[in-house]
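Q: Structure for this input, please:
(one chain, ligands or ions: 2)
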Amino acid sequence: MAYDAVVLVSFGGPEGPDDVLPFLQNVTRGRGIPPQRLAEVAEHYQHFGGVSPINQQCRDLLAAVRADFAAHGLDLPVYWGNRNWHPMLADTFAQMRDDGVRRALAFVTSAFGGYSSCRQYQEDITAARAAVGPDAPVIEKIRQFWDHPGFVEPHIDAVRAALSRLDPARRDHTRLVFTAHSVPVSMADSAGPHGGRYTAQLTETARLVHTAAAPDLPYDLVWQSRSGPPHVPWLEPDINDHLTALAAKGVTAVVVSPIGFVSDHLEVIWDLDTEARDTATRLGLEYVRAETPGTDPRFVTMVRELVQERIDPAGADRRRRLGELPMWDTCPSVCCVPPRRPS
Ligand SMILES: CC1=C(CCC(=O)O)c2cc3nc(cc4[nH]c(cc5[nH]c(cc1n2)c(C)c5CCC(=O)O)c(CCC(=O)O)c4C)C(CCC(=O)O)=C3C
Ligand SMILES: [Fe+2]
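A: Ligands and ions are numbered 1, 2, ... in the order given. Predicted structure coming up:
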């Protein structure tokens, strides 16, 4: 299969105060998020002047990937489009069509399976192609990469670096806490062709990072950034409740590693660096947050490897990965079918 471009596909984020509300409307359209939660989240963005760091992080990744492709003789143009904010996917696909692109691979900035992290991106790609029309480029999403060394190793080093900033005298009372975005339990149950995939993959990533970074420490996988109406069950425990429980058990220091994300975007710098840190401070816990991959060269290399393994017919046999869960290039149609939403 010949490809003539790669497109980086991400979530998108506002880049000024006036962007915040229309961005949030794009994210939550038809998703039953209470207005009060939206107002709260708008405030988180306004706290940073209405600017989410995520778009700049995508620009940085784009530049790094282009440089890496060039350095390795991979002669493919790299585009960028978002699902919720400019540059919007449809505008990017129209540009690609104008440039003569016929078939492209999409690298999505989410490592995991599940509706929000995989299927929804594919649905938005399909909708954006339909908006562009019949001559829109064909777009194929690259596989999930939760156990790729280019994703896992930067997380491992980040946990080690975070641990080195803690008081060594507290090591016996230190806990490693991995976090990912909470999702509705029904969404977690329907993740992947046989369900449960979002949680299973995160559990595997957590185990891989823990084993390499700090096998002597106890660890947990917990959830952050819950949204949605209170009567709908979401994955628990929430990081803040978990910190409270840990403090009650005599833990005095935590390293928090957001393995559910690829960059330090708003849900990291607000929900962890502000809210969870405040919780920890109130509880008297020493708190260090580990970094996400961002533009770590190993992560950038991973993007190229994922492209190369799809281009090269023998590439499937050379997939680099550390875990053991089943993996596939193309999601079956029954994957991550969205649960019916209670209204
Ligand atoms: C699994 C998952 C990821 C990880 C995979 C991935 O990376 O894609 C993720 C990432 C992100 N989520 C983000 C922002 C938001 N997510 C929201 C709402 C929701 N997220 C959900 C899930 C996820 N979200 C869900 C089930 C909802 C409920 C509404 C719905 O069913 O869709 C809302 C609405 C307000 C609120 O209620 O929080 C916002 C503003 C940003 C951008 C941050 C920035 O601007 O820097 C990023 C990277
Ligand atoms: Fe989200």
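
Q: Pull out the buried positions in the host helix or strand of Val6.
A: When secondary structure is defined by DSSP states H and E, Val6 falls within strand 5-10. Buried residues in strand 5-10, counting neighbours by 16 or more other Cβ atoms under 10 Å, are found at 5-10. C-betas here are computed from N, CA, C, even on glycine.

Q: which strands and helices sit next to it?
A: Based on contacts counted as 3 or more Cβ pairs under 8 Å, 6 or more residues apart in numbering; DSSP states H and E, the elements that strand 5-10 packs against are helix 54-71, strand 78-82, helix 89-98, strand 103-108.

Q: If we use 6 Å, what do you get?
A: With contacts defined as 3 or more Cβ pairs under 6 Å, 6 or more residues apart in numbering; DSSP states H and E, the secondary structure elements packing on strand 5-10 are strand 78-82, strand 103-108.

Q: between those, which gets nearest to ligand 1?
A: Among the helices and strands packed on strand 5-10, strand 103-108 comes nearest to ligand 1, with 7.6 Å by Cβ to the nearest ligand atom.

Q: Contact residues of the stretch 151-300 of the chain facing ligand 1?
A: Where proximity means Cβ under 6 Å from any ligand atom, the interface of the stretch 151-300 of the chain facing ligand 1 comprises 181, 183, 225, 227-228, 260, 265-267.

Q: PyMOL command for the buried members of these?
A: Of these, the buried ones go into a single PyMOL selection, burial set by 16+ other Cβ under 10 Å:
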select buried, resi 181+183+225+227+228+260+265+266+267
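
Q: circling back to that earlier point, out of the buried residues of strand 5-10, flag the one nearest to ligand 1.
A: Scanning those for proximity to ligand 1, where the rule is Cβ to the nearest ligand atom, the winner is Ser10, at 7.4 Å.

Q: if I look at the closest one, how far off is Ala67?
A: Relative to Ala67, Ser10 is positioned 18 Å away (criterion: Cβ to Cβ, to the nearest Å).

Q: Likewise for Ile239?
A: With distances taken as Cβ to Cβ, Ile239 is found 35 Å from Ala67.

Q: Now Gln144: which helix or strand?
A: For Gln144, there is no helix or strand it lies in under DSSP H and E.

Q: Could you point out the longest strand of this structure?
A: Secondary structure assigned by DSSP state E gives strand 174-181 as the longest strand of the chain.

Q: Could you export that strand as CSV, CA atoms only?
A: The C-alpha atoms that make up strand 174-181 are tabulated as CSV, following Å, rounded to 0.1, in the frame of the first residue of the first chain:
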residue,chain,number,x,y,z
THR,A,174,6.6,6.7,48.9
ARG,A,175,3.9,5.6,46.5
LEU,A,176,3.9,5.6,42.7
VAL,A,177,0.6,6.7,41.3
PHE,A,178,-0.2,6.3,37.6
THR,A,179,-3.1,8.3,36.2
ALA,A,180,-5.2,8.4,33.1
HIS,A,181,-8.3,10.2,32.0
